[in-house]
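S.K.: model the structure of this input:
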Amino acid sequence: MMIKNDIQQKLLSIVKDENLKIDELIRNHTYTKLGGKADFFITPTTYEEVQAVVKLARTENIPFTLIGNGSNLIVKDGGIRGIVLNLKNFKDISSDGTKLTAQSGARIIDASRFALEKTLSGLEFACGIPGTVGGALFMNAGAYGGEIKDVLDYAIVVDRNGNLVKRDAADLDLDYRKSNIAENEDIVLEAVFELKPGSYDEIKAIMDDLTFKRESKQPLEYPSCGSVFKRPPGMFAGKLIQDSELQGASIGGAQVSTKHAGFIVNKNNATAEEYISLIRHVQKTVKEKFGVELEREVRIIGEDLLKEES
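M.R.: Now for the predicted structure:
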């Protein structure tokens with residue numbers, strides 16, 4: 001792999017100076033407010049720039065990581081080596097008839113609100129999901145009985161070789177909280193949803209109801225990664241955690257929420273190590289008490305601090 005200064009110069013031949021940050025703290029870009037430094041943090045402004053960065057990373061064997069707005073992500077305290085790509089500049093949303101097109105850096109909440117303004121029904125379930133459109137496809141995000149696979153028509157992606165490719169929804173293997181986007185090393189640039197004409201008042205009433213449910217039950221006053229665990233078949237993760245008497249349990253600045261046991265909040269400047277340790281403590285306790293393996297919904301990436309490895 002090239003030395004750091006060489007990589008920096010090559011990247012500056014692709015993106016503008018203001019779109020490349022060296023040793024950027026990732027905690028500034030995640031909902032949990034966790035994460036060490038990224039060697040190279042890039043916020044491209046065109047699809048061609050994304051393609052060029054992917055090709056450079058592949059040609060020069062530079063480690064490469066894509067993050068959205070970090071709403072379903074824990075980055076370890078040692079940060080991420082190589083290139084971290086963030087698509088926050090791609091946030092256009094438009095519609096043509098019943099088709100709604102949203103770029104991957106747009107919030108799925110904003111796509112839901114745009115659909116309301118165009119009296120298009122189908123994205124109501126997403127009105128409280130904090131992630132980006134790209135992240136929503138990545139994990140087939142869902143809530144309150146709806147999910148991305150119900151409404152996705154196709155996506156435009158950059159593949160591992162830097163080519164622009166159209167992927168139909170059926171090509172993405174969308175299932176409960178997962179897709180094949182990661183294993184294919186695709187980068188979602190935009191998604192096209194097929195919605196249905198509806199009534200503004202009816203769509204808004206559903207969204208208002210879901211927003212009330214979310215705000216009354218979820219601990220939105222503290223940084224968190226949202227729901228930490230997938231729902232075990234026939235059960236609820238939050239109920240199992242609550243029945244294990246873990247609500248309020250803390251490790252360092254991380255705490256199992258007293259408002260919703262399925263959430264772990266960064267209550268007091270937690271480190272990623274503390275947050276992850278609490279997740280494992282919850283998994284171990286629930287397994288011992290109920291024999292149920294809680295599977296993480298949140299992704300954990302990055303490296304531990306060197307001092308913790310020694």
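
S.K.: correct me, but G35 touches I67?
M.R.: No - here G35 lies out of contact with I67, judged by C-beta atoms under 8 Å, at a distance of 9.2 Å. For the C-beta atoms, the positions are set from N, CA and C on the backbone; glycine is no exception.

S.K.: joint contacts of those two?
M.R.: Common neighbours of G35 and I67 (criterion: C-beta atoms under 8 Å, 6 or more residues apart in numbering): I26, H29, V75.

S.K.: what is the neighbour count of N180?
M.R.: Applying other C-beta atoms under 10 Å, we find 13 residues neighbouring N180.

S.K.: could you find the closest non-adjacent residue to it?
M.R.: Leaving out its chain neighbours, the residue that sits closest to N180 by C-beta to C-beta, 6 or more residues apart in numbering is D173, at 4.2 Å.

S.K.: what is the neighbour count of that neighbour?
M.R.: A count of neighbours around D173, defined by other C-beta under 10 Å, yields 14.

S.K.: please enumerate the strands of the stretch 201-310 of the chain.
M.R.: Assigned strands in the stretch 201-310 of the chain, in chain order: 224-227, 250-251, 254-256, 263-266, 299-301 (criterion: DSSP state E, counting those that start in this stretch).

S.K.: kindly report the same for the stretch 51-200 of the chain.
M.R.: Here the stretch 51-200 of the chain has its strands, by DSSP E, counting those that start in this stretch, at 64-67, 73-75, 80-86, 93-96, 99-103, 120-121, 142-143, 146-147, 152-158, 164-168, 187-194, 196-197.

S.K.: state the number of residues packed around the nearest residue to D304 once chain neighbours are set aside.
M.R.: Closest residue to D304 apart from its sequence neighbours, by C-beta to C-beta, 6+ apart: G78 at 5.0 Å. When neighbours are counted by other C-beta under 10 Å, G78 registers 19.

S.K.: could you do E48 as well?
M.R.: For E48, the neighbour count with other C-beta under 10 Å is 13.

S.K.: contacting residues for it?
M.R.: Listed by C-beta under 8 Å, 6+ apart, E48 has no contact partners.

S.K.: that one sits in which helix or strand?
M.R.: Secondary structure assignment for E48, by DSSP states H and E: helix 47-60.

S.K.: what comes up buried for that helix?
M.R.: Neighbour counts over helix 47-60 (16 or more other C-beta atoms under 10 Å) mark Y47, E49, V50, Q51, A52, V53, V54, K55, L56, A57 as buried.

S.K.: any chance of those in JSON lines with pLDDT as columns?
M.R.: Listed next are these as JSON lines, based on pLDDT from 0 to 100:
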{"residue": "Y47", "pLDDT": "98"}
{"residue": "E49", "pLDDT": "98"}
{"residue": "V50", "pLDDT": "98"}
{"residue": "Q51", "pLDDT": "98"}
{"residue": "A52", "pLDDT": "98"}
{"residue": "V53", "pLDDT": "98"}
{"residue": "V54", "pLDDT": "97"}
{"residue": "K55", "pLDDT": "97"}
{"residue": "L56", "pLDDT": "97"}
{"residue": "A57", "pLDDT": "96"}
